[in-house]
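# Dropping the sequence and predicted coords here.
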Amino acid sequence: MRIRNVPAKEAGPTDPDGAGKREGKMMRLAVLTDIHANRDALAAVLADVAQRGVDRIAVLGDIVGYGPDPEWCLDRVMVLAGQGALVVKGNHDHAIARPDVAMNPSARTVIDWTRPRLSAAQAAWLAALPLSLMLDDLLLVHASANDPADWIYVSSEHKALPSFRVSDARVILCGHVHVPALISCDLSGQVRAQRIPMGQPVPLIRSRRWLGVVGSVGQPRDGVPQAGWALLDTARNELTYLRVPYDVGAVAARMRAAGLPEGLARRLEQGE
Amino acid sequence: MRTRPRTGLQIDGFTLGEQLHKGGFATIWEVTHPLHRTPMVMKVPTILDGYDGPTIVGFEVEQMIMPRLSGPHVPRVIGTGDFAVMPYIVTERIPGESLLRRFRSPPHSLPEVMDLSARMASAVHELHRQHVIHLDLKPDNFLERPDGTLVLIDYGLSRHDQLPDLLAEEFTIPMGTFPYIAPEQLLHQRDDLRSDIFALGAMIYELATGRMPFGQPEKLKAVRKRLWRDPEPPRALRPEIPPALQEIILRALEVDPARRYQSAAQLLFDLQHPDQVKLTSRARKLTRDGWRRVFRRWRQMRGLRQFAAPPPTTGAQIDHAPIIMVAVDLSPEMEALAGRLRRSAARMLVIEPDARLACVNVIKTARIGIDQTVDEFGTNLHVARLVALKAWAQGLDLDDGRLTFAVLEGPDPGTAILDYARTAQADHILMGARGHSTTRRYLGSVSSQVVAEATCNVTVIRVPPAAAEAAEPAAEHASRAG
């Protein structure tokens, strides 16, 4: 992937067949995070991704936890990974192999419910995921980039500062917070949260470094009960935050049928 | 250290020619590029040593906004460069100069004032339609193409409602150009397109009178005076200014944005139809307000933190104050249709209370030769239609002269309606379609022509075949993207 100054004239595929060179010329990257075993939300997002057309998919962790469909979601992401998707590990993924990790009680309940449902191969695949991935000047990570294994929430300008300090990536994309955010770091090192125009591409101007907290696919907490994802266009140098509606009621009903904590079903319905 | 611009410098394929302009915050260079034949200029911000926040952020804002803009009223962007080597924006070169020289050489004839003002308002409305509020309108920022089209430049203080606003919390001092800055900008409000209306008002005032309405204050404290102190009425400075023009200027310069024109299109409409401007006390005043009123306003404004917020986006602000054009057929057999049309118009006004309604009627003239009736009765026919049109509108209550009437003439009613809609920047055309009877077919085609060719929304009203007046009117909605 190239993010360095690609003039518009060169932005198109260089080989006439249009095949191959995918690795070096990634243009449109779909960024999904915090799927949390929500099958309907993941399916809706993947349909949206297919419709918009992307060159590659990245999953920023927390495939499992909270939701009722961990097997299906994990299978789906493993297939995507087989097709070239980039996947990093989230704290819920980590907790499958490490029951000692600190978690809130309802998260713990669902992880304990999830663990026996996964095959040994699925669990091993989760355990082997990297904590972060770097592609040219793009860093993908589940939580804060400084010490990713500490799972720090990037929930404010102040909390974003260390990520800009430890990484020299021009664009950092993470999840974990479940509330979309866009934070810039200007030439003087000033860190500022920027308003997100939902559904509209934001130019990631090169005089700044950018940290995008991508909204959750499977458990949004910003008051909008719709699946979230983001589209990074490296040729146009734009990031678009997107929302997709799905049948929230059906998923909440499955959570209740499975005996998962009532608070989590309600949270899904309200998106909070 | 970063590269400084100089003649002969090569960067990303561009070669710098001579320096065309040196301003406080940037230099402008003529540039060439082997792949681009069109004449181009490069704008390079002048970054002071150390961290020069305002200049850098202003340049970042331009880099974000300018590539999003299109059309004849903005310069086309050809390339941009970031701070790694040398920051720049390359755009097409507009062959013409800014309005500054024109503004500095008064007096201007009144037709010239009206014409130039209308062209300025038209360019600004087009920018607003593209989600951008300029927030630094002044004569230097309008360039004039050879065909008279005005081009808006310098977007360093602008706001795009679909992009992050990098300037929002960055600086504590209000930014803008003091002679033209709107009162709400002094209160740090950056989301109101009516700020541009105020600046336009200040510019039209200057064009008409040769003087700036608030002088050229140098200190912020003096700039703030415009929150309570009214400018000298234009007619006191130049008595031949018609009351309608003073009405237009002083309305655009209202301190409270809610009392100004609600869109540049509405300002443009009045500039195009000065005879239809409803005159209020603004048009009549010949002296500045007395000290009692000024003192009262000072007491009100002193503690004011914000004016009432406008709708959240520029698009919503325009939608909130649309220009609705109603094409009325006044022939006697069409009374039922005209009645339905009036009720539909009234309903639209309930939904959009800031709308303005332009009622038109078309007199069909002969395509070839001289119309027999025109010479002898032409004027009378025109007046008669106008009277009938006003009678039709009885019951449509709109204050502030937001109800206007026009009788158009042309061999082709559809084209006459479309031309009027385009010139008036109408957002919506409301018209009737005659029934399906074959004898009326040629008139029915007027509505289909308008639906097919209009660039705005069109709603066609029909009388149902049963012609039962009691039934709900069947409205056929047809929309075309602009």
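Yep, it's here. Numbering: from 1, shown residues only, chains lettered A, B, ... in the order given.

# At which residues are the helices of chain A located?
A:39-52, A:70-82, A:91-97, A:105-114, A:120-127, A:157-166, A:248-257, A:262-270 (DSSP state H).

# what packs against the shortest one?
With contacts defined as 3 or more CB pairs under 8 Å, 6 or more residues apart in numbering or on different chains; DSSP states H and E, the packing partners of helix A:91-97 are helix A:105-114, helix A:120-127. Quick note: C-beta positions are derived from backbone N, CA and C, even for glycine.

# The stretch 251-400 of chain B: helices as residue ranges?
B:264-272, B:281-284, B:291-302, B:314-320, B:335-351, B:372-373, B:379-392 (DSSP state H, counting those that start in this stretch).

# How far does stretch A:248-267 stretch from one end to the other?
10 Å (CA to CA, to the nearest Å).

# residues making contact with it?
Identification of contacts with stretch A:248-267 by CB atoms under 8 Å, 6 or more residues apart in numbering or on different chains yields A:38-41, A:66-69, A:106, A:109-110, A:113, A:219, A:221, A:225, A:268-269, A:271.

# Mind checking which of those are buried?
A:38-41, A:66-69, A:106, A:109-110, A:113, A:219, A:221, A:225, A:268, A:271 (16 or more other CB atoms under 10 Å in any protein chain shown).

# Other residues contacting stretch B:415-426?
Counting by CB under 8 Å, 6+ apart, B:122, B:125, B:265, B:268-269, B:272, B:323-325, B:327, B:358, B:360, B:362, B:406, B:408-410, B:429, B:431, B:446, B:449-450, B:453-456 sit against stretch B:415-426.

# which among those end up buried?
B:122, B:125, B:265, B:268-269, B:323-325, B:327, B:358, B:360, B:362, B:406, B:408-410, B:429, B:431, B:446, B:449-450, B:454, B:456.

# ok, and B:Pro39, which helix or strand is that part of?
Element membership for B:Pro39 (DSSP states H and E) is strand B:36-45.

# The next helix or strand after that strand versus strand B:36-45: what angle between them?
Following strand B:36-45 in sequence order, the next helix or strand is helix B:53-65 (DSSP H and E). Relative orientation of helix B:53-65 versus strand B:36-45 (axes from the mean of the first three to the mean of the last three CA atoms, to 10 degrees): 150 degrees.

# quick one: contacts of helix B:53-65?
Residues outside helix B:53-65 that contact it (CB under 8 Å, 6+ apart): A:186-188, A:203, A:205, A:207-208, B:25-26, B:43, B:45-48, B:80, B:82-83, B:87, B:89, B:132, B:154-158, B:160, B:163-164, B:166-167, B:170-171, B:175.

# So which bits of that helix are buried?
B:Pro54, B:Thr55, B:Ile56, B:Val57, B:Gly58, B:Phe59, B:Glu60, B:Val61, B:Glu62, B:Gln63, B:Met64, B:Ile65.

# Nearest to the spatial middle of chain A, which residue is it?
A:Thr33 (2.2 Å; CA atoms, centre = their mean).

# Roughly how far does it sit from chain B?
21 Å (CB to the nearest CB, to the nearest Å).

# show me what contacts that residue?
A:Thr33 neighbours (CB under 8 Å, 6+ apart): A:59-62, A:90, A:142, A:174-176, A:214-217, A:229.

# Try it again at 7 Å.
Contact partners of A:Thr33, counting by CB atoms under 7 Å, 6 or more residues apart in numbering or on different chains, are A:Val59, A:Leu60, A:Gly61, A:Asp62, A:Gly175, A:Val214, A:Ser216, A:Val217.

# ok now do the fifth one, which residues does it touch?
Contacts were defined as CB under 7 Å, 6+ apart; by that measure A:Gly175 touches A:Thr33, A:Asp34, A:Leu60, A:Gly61, A:Asp62, A:His142, A:Val213, A:Val214, A:Ser216.

# From A:Val59, how far off is it?
9 Å (CB to CB, to the nearest Å).

# Just confirm B:Glu126 contacts B:His73, I think it does.
Yes - with contacts counted by CB atoms under 7 Å, B:Glu126 reaches B:His73, the gap being 4.7 Å.

# low pLDDT regions in the stretch 101-250 of chain A?
Across the stretch 101-250 of chain A, nothing is flagged by pLDDT under 70.

# Buried ones among the contacts of helix B:53-65?
Using 16+ other CB under 10 Å, the buried ones in these are A:186-187, A:203, A:205, A:207-208, B:25-26, B:43, B:45, B:47, B:80, B:82-83, B:87, B:89, B:132, B:154-158, B:160, B:163-164, B:166-167, B:170, B:175.
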